[in-house]
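Asker: Need the 3D shape of this:
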Amino acid sequence: MSQENQSNERYDGYRALARVYDRLNAEIDYVGWADYVESCFSSYLPEKPTLVLDLACGTGRMTLELAARGYDMIGVDGSMDMLSVAYERAAEREDVPSPLYLLQDMRAFELYGTVGAVTCCLDSVNYLLTEGDVERCFACAHNYLDPDGLFLFDVNTPYKFEHVYGDNAYILEDEWTDEDGALQSAYCGWQNHFDAETGRCTFDLSVFEQREDGGYDRADEQQEEQCYSESTLRSLLERTGFEVLAVFGDFDRSIPASTCERWHFVARCKK
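Answerer: Purely as a prediction, here's the structure:
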């Protein structure tokens, strides 16, 4: 997922990754994630919401998965490149009502009215680099939620920043056959640097995408995420009018373990 850290609405942090993001992250279980979202709807809402906002929707995989389950979907993202992929994906699904996609800042987005639920997946909140930015995002979500509507989001945990990201390097790769039967491939070299004192993690990415002639185009970019404690996020939610209903460690709604890599927050909008 993606979001900007500047005042303009365009975020270029996924320009290099957008075209190959889904291929390099093929292990993400969007079906299981959507099942989890619906389980929260069933547990914490008197009835299923009709209109749902997918905030920082990226390439629209979650947005479209929820749309296929009958929800009217709005997708907001700050990356034109990621939204371009989302538009293309939606156009290919004639069996699913196309979501409304909006190029907007997740800290200051505007909708035409309120929604019954807001989802924000894949540590998009960590891309907000200050507590002030997180508070602005939460306040905006609160403003556009129905009374007692749900805000579902996840963040990377301190454990993940320290032990999985750290100063480690990774290689992501994928191969596939194109429409002409030719073998194609993409690679991403990923170098991390985590500053434990500031809680800031910097990702230096080099993406190699194969051309038709067999050569590769290289694109480099840098991204940043900020580590937040559970207590800080709880405080910011409460300050912006939310009641924290639960924090889960996985889609099975288990209690987070000390080695948990992702916290899933469930918050209710109080108005």
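
Asker: pLDDT weak spots in this protein?
Answerer: 1-18, 176, 178, 180, 182 (pLDDT under 70).

Asker: hey, where'd the helices end up in it?
Answerer: Using DSSP state H, the helices of the chain run over 21-24, 30-44, 61-67, 80-92, 131-143, 158-159, 230-239.

Asker: of all those, which lies closest to A117?
Answerer: Proximity to A117 (C-beta to C-beta) singles out helix 30-44 among the helices of the chain, at 6.7 Å. The way it works is simple: take the backbone N, C-alpha and C, and place the C-beta from them, glycine included.

Asker: Now do that closest one: everything it contacts.
Answerer: 48-49, 61-62, 65-66, 69, 117, 119, 121, 150, 152, 245, 251, 253, 264, 266, 268 (C-beta atoms under 8 Å, 6 or more residues apart in numbering).

Asker: tell me which residues in that helix are buried?
Answerer: By 16 or more other C-beta atoms under 10 Å, the buried positions in helix 30-44 come out as Y30, W33, A34, Y36, V37, C40, F41, Y44.

Asker: ok, so of those, who is nearest L129?
Answerer: L129 lies nearest to W33 out of the buried residues of helix 30-44, by C-beta to C-beta, at 24.6 Å.

Asker: In strands only, show me the contacts of helix 30-44.
Answerer: The strands, defined by DSSP state E, take in A117, T119, L150, L152, L245, H264, V266, R268 from those.

Asker: Type out the PyMOL command that picks the buried ones from those.
Answerer: Entered in PyMOL, the line below selects the buried ones among the ones in strands among the contacts of helix 30-44, by 16+ other C-beta under 10 Å:
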select buried, resi 117+119+150+152+264+266+268
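
Asker: Between the ones in strands among the contacts of helix 30-44, which sits nearest S185?
Answerer: Using C-beta to C-beta, the shortest approach to S185 within the ones in strands among the contacts of helix 30-44 belongs to T119, at 31.8 Å.

Asker: Would you check how far apart the closest one and V37 are?
Answerer: Using C-beta to C-beta, to the nearest Å, T119 is found at 6 Å from V37.

Asker: Common neighbours of the two, please.
Answerer: Common contact partners of T119 and V37 (C-beta under 8 Å, 6+ apart): L66, L152.

Asker: re earlier: hey, which of the helices of the chain is tucked in deepest?
Answerer: Ranked by mean neighbour count under mean count of other C-beta atoms under 10 Å, the helices of the chain are led by helix 61-67, which reaches a mean of 24.

Asker: which helices and strands does it pack with?
Answerer: Packed against helix 61-67 by the contact rule (3 or more C-beta pairs under 8 Å, 6 or more residues apart in numbering; DSSP states H and E) you find helix 30-44, strand 51-55, strand 72-77, helix 80-92.

Asker: and if we set it to 6 Å?
Answerer: Here helix 61-67 touches helix 30-44, strand 51-55, strand 72-77, going by 3 or more C-beta pairs under 6 Å, 6 or more residues apart in numbering; DSSP states H and E.
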